[in-house]
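**Student:** Test case, fold it:
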Amino acid sequence: MEQEYIIIPYYDTEDNIKIEEVLCEKVSDNTYRLIEIPLWSCLSIDDVIKVTISNRYKNRLVFNELVKSSNNSTVQIIEITDGELEKQVLHKLKQLVGSDNIRYDLENINFHSHKYISFNIPKDMDYSEINNSLVEWRNKNLIDFQITVFAPQHKI
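**Tutor:** Take a look at the predicted model:
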C-alpha cells in the first residue's frame with residue numbers, strides 16, 4: 001500500500017496551532033489510515049481519516065476529518081523528574097503495552113529538559129493496570145500524562 005506523511009494540525013498548551021506529520025497508509029483517494037502513533041494530535045493509530053490538499057502547506061495532504069475511529073486509545077507522557085522516565089517508567093510501560101506501541105519525541109529531545117512520549121493502547125487491551133501505573137507514577141512526581149484519545153472500552 002502507498003504510504004505518506006500526513007500533516008495533522010493541533011493546538012499546543014498555549015493555544016497556538018502547531019503541526020505534526022504522521023505516517024499513514026492510503027485507503028482510497030482522499031482517505032488514509034494512521035500507521036504511526038501521533039505524538040501530539042488527538043488521534044490514534046489505525047484511525048481512518050479524510051485528507052485534503054492544502055496550499056498553505058505547499059500542496060501537501062492535511063488531515064480534514066475523522067472517518068472511522070480505531071477504538072484504540074492514545075496517552076501522552078511528559079517526564080517531570082529528570083532521568084526517571086527511563087529508570088522507572090519505560091521498562092514497565094513496555095511490559096504493559098509493548099515496545100511497538102510507544103513513540104518517542106526524538107525531534108525535540110535536545111530542545112527540552114523533559115522527555116515526551118506518546119503510546120497506544122490497543123482496543124482489546126485491558127486498561128486498568130495501565131491506569132494504575134500512570135496514576136502511581138504521577139503521584140510519585142515522575143511523570144504527568146494526558147489521555148488524548150480514550151476509547152469507550154478502556155473507561156474504568
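**Student:** Can you list the low-confidence ranges for this protein?
**Tutor:** 106-114 (pLDDT under 70).
**Student:** same thing but 80
**Tutor:** The chain contains residues with pLDDT under 80 at 13, 106-114, 156.
**Student:** Could you give the separation of the helix or strand Val75 falls within from the chain centroid?
**Tutor:** In the assignment (DSSP states H and E), Val75 maps to strand 73-79. Here the centre of strand 73-79 is set off from its chain's centre by 7 Å, with Cα atoms, centre = their mean, to the nearest Å.
**Student:** What helices and strands are in contact with the helix ranked longest in the chain?
**Tutor:** Counting residues, the longest helix found in the chain (DSSP state H) is helix 128-139. Judged by 3 or more Cβ pairs under 8 Å, 6 or more residues apart in numbering; DSSP states H and E, the packing partners of helix 128-139 are strand 73-79, helix 90-97, strand 143-149. For every residue, glycine as well, the C-beta is placed using N, CA and C.
**Student:** Rebuild those as a markdown table, extending it with distance to Ile7 and mean neighbour count.
**Tutor:** Listed next are the helices and strands packed on helix 128-139 as a markdown table, based on distance: least, Cβ to Cβ, whole Å; neighbours: other Cβ atoms under 10 Å:
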| stretch | distance to Ile7 | mean neighbour count |
| --- | --- | --- |
| strand 73-79 | 18 | 22 |
| helix 90-97 | 26 | 16 |
| strand 143-149 | 17 | 17 |
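**Student:** Fine by me, thanks again.
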